[in-house]
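Enquirer: One predicted model, sequence on top.
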Amino acid sequence: MPSAALFALGLGLLLYALVSDRAGRDGITAPMGFVALGLALALLGNVDIGVDSSAIHDLAEAALVIALFTDASRIDVRRLRAQHGLPVRLLTIGLPGTMILGTVVAMILFPDLGLWPAAVLAVMLAPTDAALGQAVVSDRAVPARVRQALNVESGLNDGLAFPALLIAVSLAAADGGRGIGGWAGFIAAQLLLAPLVGGAVALLCARAIRTALGRGWMDETFLRISTLALPLLAYAGAEAVTANGFIAAFCCGLVTATRDERLRDAIADFAEAEGQLVTLIVFAAFGAVLLPGAWEGWEWRHVVYAVLSLTVLRMAPVWLSLLGTGLRRETVLFLGWFGPRGLASVIYLLLVLEENSFAGLADIEATTLLTVLLSVVLHGATAGPLARRYGKAVGDAPRESQKVHEFRLGRAGDPED
């Protein structure tokens, strides 16, 4: 990257940091600012790397490993059963529903795609990113139960969606020569061995860190630094035994969240600073490398699917998942609308483009880029106003106001007082 581009990136980081609180209140989120910065760099001719650059793909892989681990490690799944029925419904009914409905609509709008490429598109756009609508999960005007439903959903759905993406991509790119036994072995190695590796790394490392803290061998600075070692060990260990490193990193985070509160807080601190920086660099790369020239290939079908992805394909499964909860209509609409598509979708796209080639990939790329761009703008701009309006509308409604344990927000920042 030219020195001028590095200077602009550093200047952009500083300028947004100086006005970050004011910008957030005015509806200009950090992802919006860094996508705009990336686009500006591209239009000024200061970007000389393409989407096939190894640097871009290395950034994507590192960002995904960190995001999967830090998002999962914020949430102690043992608490979900007792206090967090809403995100469990969103993840077990809403998420699969979005994938299935999205696949059907993709096959209708893009008849040449076929089943598995259509599924790739649907799964790629299923995970949500709470950081795009930060006010929704941080503004205390929104009842804690609703804020935490979106927070927990965003923290877990990228990791839960990845195995589905892996299977869909494998089947879309298959040459047909692998039999049932071959597919069974592949899936077992990728999806079953990886959680074992990730869980083992979490248990061993958490115990070592807890012992070091108890004996006074480790200070707080290196406690925070050590959190980066866990996802790296899980990823590398899984890849060494031909399992999937991303799934291992996610499972490592899930297990780590149940082991030690100090370690969990250190990971959340890391995610709020270093993790968010990596996220913003990915959004800058999205604007600088992926978007330029993409609009030339956008057609009406891409626009229609993108709009449906942010509305019907999200809202209908959410409504179905919340039947019988007694939540007010405003709450169902609020939860349905605020399913931003961001970091996971961008990184999933880069990973698919890196190693795969199958029919319809151009349509998948165009649709994903447009959907994420619309989401960055629309969800970022509406998060603050709608959070305040919704908070006033529901007030102290009994179902919405039930007390729940509040998990840390990670990349989405701490709640506002």
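Expert: Looks like it came in fine.
Enquirer: Need phi/psi at the nearest residue to residue 141 once chain neighbours are set aside.
Expert: Spatially, and ignoring its direct neighbours in sequence, residue 141 is nearest to residue 391 (3.0 Å; Cβ to Cβ, 6 or more residues apart in numbering). (Glycine included, C-beta is placed from N, CA and C.) According to degrees, to the nearest 10, the main-chain angles of residue 391 amount to phi -60, psi -40.
Enquirer: ok, which stretches of the stretch 201-350 of the chain are helices?
Expert: For the stretch 201-350 of the chain, the helices defined by DSSP state H, counting those that start in this stretch cover 220-226, 229-240, 245-256, 261-270, 276-285, 300-310, 312-321, 329-337, 343-355.
Enquirer: Between the ones you listed, which one is closest to residue 55.
Expert: Closest of the helices of the stretch 201-350 of the chain to residue 55 is helix 276-285, at 9.1 Å (criterion: Cβ to Cβ).
Enquirer: Okay, now the unreliable bits of the chain?
Expert: 1-2, 81-84, 175-185, 356, 408-417 (pLDDT under 70).
Enquirer: List the contacts of the residue nearest the centre of it.
Expert: The chain has residue 344 as the residue nearest its centroid, 3.9 Å off, counting by Cα atoms, centre = their mean. Shown in contact with residue 344 (Cβ atoms under 8 Å, 6 or more residues apart in numbering): 64, 67, 127, 129, 158, 161.
Enquirer: quick one on the thing from earlier: how much space between the residue nearest to residue 141 and residue 384?
Expert: 11 Å (Cβ to Cβ, to the nearest Å).
Enquirer: Between those two, point out the one with more neighbours.
Expert: Each of residue 391 and residue 384 has its neighbours counted (other Cβ atoms under 10 Å); residue 384 has more, 21 against 18.
Enquirer: Pretty sure that one sits against residue 141.
Expert: No. With contact defined as Cβ atoms under 8 Å, residue 384 does not count as touching residue 141 (9.9 Å).
Enquirer: follow-up on the earlier one: right, so the helices of the stretch 201-350 of the chain: which one is the most enclosed?
Expert: Greatest average neighbour count among the helices of the stretch 201-350 of the chain goes to helix 245-256 (a mean of 28), per mean count of other Cβ atoms under 10 Å.
Enquirer: quick one: it to chain centroid distance?
Expert: 14 Å (Cα atoms, centre = their mean, to the nearest Å).
Enquirer: swap in stretch 113-129?
Expert: For stretch 113-129, the distance to the chain centre is 14 Å (Cα atoms, centre = their mean).
Enquirer: before we move on, what about stretch 325-340?
Expert: The answer for stretch 325-340 is 20 Å, by Cα atoms, centre = their mean.
Enquirer: gap between the two ends of that stretch?
Expert: End-to-end distance of stretch 325-340 (Cα to Cα, to the nearest Å): 23 Å.
Enquirer: quick revisit: can you pull the residues that touch both of residue 391 and residue 384?
Expert: Taking Cβ under 8 Å, 6+ apart as the contact rule, residue 391 and residue 384 both touch residue 139.
Enquirer: rewinding a little: and which of the contacts of residue 344 is nearest residue 286?
Expert: Taking Cβ to Cβ as the measure, residue 286 lies nearest residue 129 of the contacts of residue 344, at 12.0 Å.
Enquirer: count of neighbours near the closest one?
Expert: 27.
Enquirer: Next one: it from residue 120, what distance?
Expert: 19 Å.
Enquirer: got it, and residue 369?
Expert: From residue 369 to residue 120 the distance is 14 Å (Cβ to Cβ).
Enquirer: Specify which residue of the two has the higher count of neighbours.
Expert: The residue with more neighbours, out of residue 369 and residue 120, is residue 120; 32 against 22, by other Cβ under 10 Å.
Enquirer: Just the buried residues of the strand or helix carrying that one, please?
Expert: Per DSSP states H and E: residue 120 is located in helix 115-124. By 16 or more other Cβ atoms under 10 Å, the buried positions in helix 115-124 come out as 116-124.
Enquirer: wait, which of the residues you listed is closest to residue 258?
Expert: Nearest to residue 258 among those: residue 123, at 27.1 Å, using Cβ to Cβ.
Enquirer: on that earlier part again, can you list the neighbours in contact with the helix holding residue 120?
Expert: 98-107, 110, 113, 161, 164-165, 168-169, 171-172, 305, 313, 345, 348-349, 352, 358-361, 363-364, 367-368.
Enquirer: Just the angle for that helix relative to helix 300-310, thanks.
Expert: Between helix 115-124 and helix 300-310, the angle comes out at 50 degrees (axes from the mean of the first three to the mean of the last three Cα atoms, to 10 degrees).
Enquirer: so helix 115-124 versus helix 312-321, what angle?
Expert: Between helix 115-124 and helix 312-321, the angle comes out at 70 degrees (the same axes, to 10 degrees).
Enquirer: So for the next helix-or-strand element following helix 115-124, what gets flagged as buried?
Expert: Proceeding N to C from helix 115-124, the next assigned helix or strand is helix 134-138, under DSSP H and E. Going by neighbour count (16+ other Cβ under 10 Å), the buried part of helix 134-138 is 134-138.
Enquirer: Next: stretch 135-151.
Expert: 135-139, 142-151.
Enquirer: That stretch spans what distance, first to last residue?
Expert: 11 Å.
Enquirer: you'd agree the residue nearest to residue 141 is up against residue 139?
Expert: Yes. Counting by Cβ under 8 Å, residue 139 is a contact partner of residue 391 at 7.0 Å.
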